[in-house]
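> here is a sequence together with a model predicted from it:
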Amino acid sequence: MHLNDILIKNLHPRDKMYRKVDGDGLSLEIHPNGGKYWRMFYRFNGKRKGVAFGTYPTVTLKAAREKRLEARRQLDKGIDPSEAKKQKKLDIAISYENNFEAIAREWHHQRIHTWQPKHAATIMTRLATYVFPKIGSKPITQIKAQELLHAISPIEKQGKHEMAHRMMQTSGQIFRYAVACGKADRDITQDLKNALSPVKSKNYARLKDGQLPEFLEKLNKYDTQYNGNPIIKWGFQLLILTFVRSGEMRGAKWDEMDFENAQWRIPASRMKMKEQHIVPLSKQSVKLFRKIQEITGDSYSGYVFPSFSNHRKTISENTFLKAIEIMGYKNKTTAHGFRATASTLLNENGYRPDVIERQLAHAERDQIRAAYNHAQYLTERIEMMQWWADYLENIGLKI
């Protein structure tokens with residue numbers, strides 16, 4: 001006799017579990033605790049096996065019969081319904097572990113030691129604000145390019161175009177990490193290359209070749225005509241001679257200097273790309289550092305440019321900008337702009353772009369090479385840095 005809802009509702013618990021058969025292997029088990037459990041029995045490879053379909057009334061009689069039909073179809077295909085159910089549970093568990101948010105957090109944890117704390121926090125905050133709410137819980141293999149774009153587009157609509165592009169780049173890094181770990185097949189951001197509005201490149205104000213002599217002449221007089229501190233003048237001259245980033249110059253320490261070999265070795269922890277950087281020191285640069293050493297060389301902080309008010313700190317990030325303003329060059333150049341000026345002039349004078357880029361310590365795409373390339377092209381860089389110092393001296397730099 002087949003089951004029906006009235007009959008099922010009138011089935012009461014007994015001292016021991018008992019079953020009522022619906023047919024074709026489907027039964028309803030009534031347990032002493034009152035629970036009613038659907039189960040289907042079948043034979044697979046000559047063995048009697050069973051698979052559970054859930055409890056009544058959560059799983060209705062109609063739903064249980066549909067599950068039975070699906071199990072029969074699996075058996076016809078040579079599939080064990082019980083094993084298929086276990087595999088489905090495993091797939092769901094793996095999908096949960098492999099959702100976008102879980103992989104993104106794993107990627108973030110793998111790289112956090114290479115970032116400054118503020119930068120690491122910013123990345124995670126933006127992911128949690130814009131991306132996780134839209135696709136965070138979805139298995140990374142099931143995310144479509146349009147879904148990722150839907151998560152990032154609101155950033156662009158707020159007028160934050162650069163942030164939108166950064167989030168797309170971050171998402172691409174997460175997808176590529178997932179591919180490397182065998183958790184995704186491809187980086188879907190490749191399908192979205194032209195989906196966001198282009199960002200106008202940020203060009204730092206800089207001096208052209210013809211403007212450099214006049215600036216150097218004013219810089220030479222910074223401590224006399226403009227009543228500036230001579231250490232700041234020498235530091236600015238070194239900034240131009242070495243064309244490092246201003247933060248790298250301001251944070252310079254005496255133990256990074258190797259005057260015997262005319263090298264300044266900036267540790268990876270202080271570099272933007274988290275890679276040790278060698279700055280070959282021209283004769284002019286060594287002379288300037290020596291002059292500064294006579295004044296700050298015994299500073300207990302070890303800084304080349306300690307703050308005038310607190311020697312435990314370096315001079316502020318506005319120090320060089322203030323000097324530019326005092327000399328009348330506000331909005332005409334920036335401390336960072338001298339990197340571009342040096343790059344342009346060195347390219348125009350025949351130095352190889354690869355050598356210039358290495359000295360500028362720009363990003364290295366090949367991460368394996370990056371671990372070893374701090375000394376790359378060093379012979380050419382030594383010659384180039386001395387030529388640059390001589391060029392600056394010839395057009396007016398005085399030390």
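Nice, thanks for sending it over. Numbering: from 1, shown residues only.
> please make it C-alpha for all contacts and neighbour counts, starting now.
Fine.
> and for the helix or strand encompassing Tyr391, what's in contact with it?
Using DSSP states H and E, Tyr391 maps to helix 378-394. In this structure, residues lying in contact with helix 378-394 by C-alpha atoms under 8 Å, 6 or more residues apart in numbering are 241-242, 280-285, 346, 351, 355-356, 359.
> just stretch 38-50 next, same as before
Looking at what lies outside stretch 38-50 - C-alpha under 8 Å, 6+ apart - the contacts are 25-29, 51-56, 64, 68, 75, 80, 82.
> output the below-cut-off pLDDT ranges for the stretch 51-200 of the chain.
For the stretch 51-200 of the chain, the stretches with pLDDT under 70 are 90-97, 199-200.
> where exactly do the helices run in it?
61-76, 81-97, 100-111, 117-126, 132-135, 145-157, 161-180 (DSSP state H, counting those that start in this stretch).
> just give me how far the fifth one sits from the chain centre.
Yep, that's helix 132-135 we're talking about. Chain-centre distance of helix 132-135: 18 Å, with C-alpha atoms, centre = their mean, to the nearest Å.
> domain map for this structure?
Here the domain parsing of the chain from automatic domain parsing is 5-80, 100-192, 209-394.
> switch those domains over to a markdown table; also include mean neighbour count and distance to Lys88.
Converted to a markdown table, those look like this (neighbours: other C-alpha atoms under 10 Å; distance: least, C-alpha to C-alpha, whole Å):
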| stretch | mean neighbour count | distance to Lys88 |
| --- | --- | --- |
| domain 5-80 | 15 | 12 |
| domain 100-192 | 16 | 14 |
| domain 209-394 | 17 | 38 |
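> can I get those in a markdown table including distance to Pro198?
Shown next, in a markdown table, are the domains of the chain (distance: least, C-alpha to C-alpha, whole Å):
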| stretch | distance to Pro198 |
| --- | --- |
| domain 5-80 | 51 |
| domain 100-192 | 8 |
| domain 209-394 | 21 |
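> ok so, going back, nearest to Gly247, out of the helices of the stretch 51-200 of the chain?
Proximity to Gly247 (C-alpha to C-alpha) singles out helix 117-126 among the helices of the stretch 51-200 of the chain, at 15.7 Å.
> what packs against that closest one?
If contacts are counted by 3 or more C-alpha pairs under 8 Å, 6 or more residues apart in numbering; DSSP states H and E, helix 117-126 sits against no helix or strand.
> strands of this protein, residue ranges please.
For the chain, the strands defined by DSSP state E cover 18-23, 26-30, 36-44, 47-56, 257-258, 263-266, 277-280.
> could you export those to a markdown table, including columns for distance to Phe215?
Listed next are these as a markdown table, based on distance: least, C-alpha to C-alpha, whole Å:
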| stretch | distance to Phe215 |
| --- | --- |
| strand 18-23 | 95 |
| strand 26-30 | 91 |
| strand 36-44 | 87 |
| strand 47-56 | 82 |
| strand 257-258 | 28 |
| strand 263-266 | 26 |
| strand 277-280 | 24 |
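> what about the ones you listed, which gets the closest to Phe100?
Here strand 47-56 is closest among those (C-alpha to C-alpha), at 30.0 Å.
> among the helices of the stretch 51-200 of the chain, which is nearest Tyr226?
helix 117-126 (36.4 Å).
> tell me the angle that closest one makes with helix 100-111.
Helix 117-126 and helix 100-111 are oriented at 170 degrees to each other (axes from the mean of the first three to the mean of the last three C-alpha atoms, to 10 degrees).
> run through who's touching helix 117-126.
108, 112, 167.
> what would the helices of the stretch 51-200 of the chain look like in a markdown table with distance to Trp254?
Shown next, in a markdown table, are these (distance: least, C-alpha to C-alpha, whole Å):
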| stretch | distance to Trp254 |
| --- | --- |
| helix 61-76 | 74 |
| helix 81-97 | 48 |
| helix 100-111 | 29 |
| helix 117-126 | 25 |
| helix 132-135 | 45 |
| helix 145-157 | 44 |
| helix 161-180 | 36 |
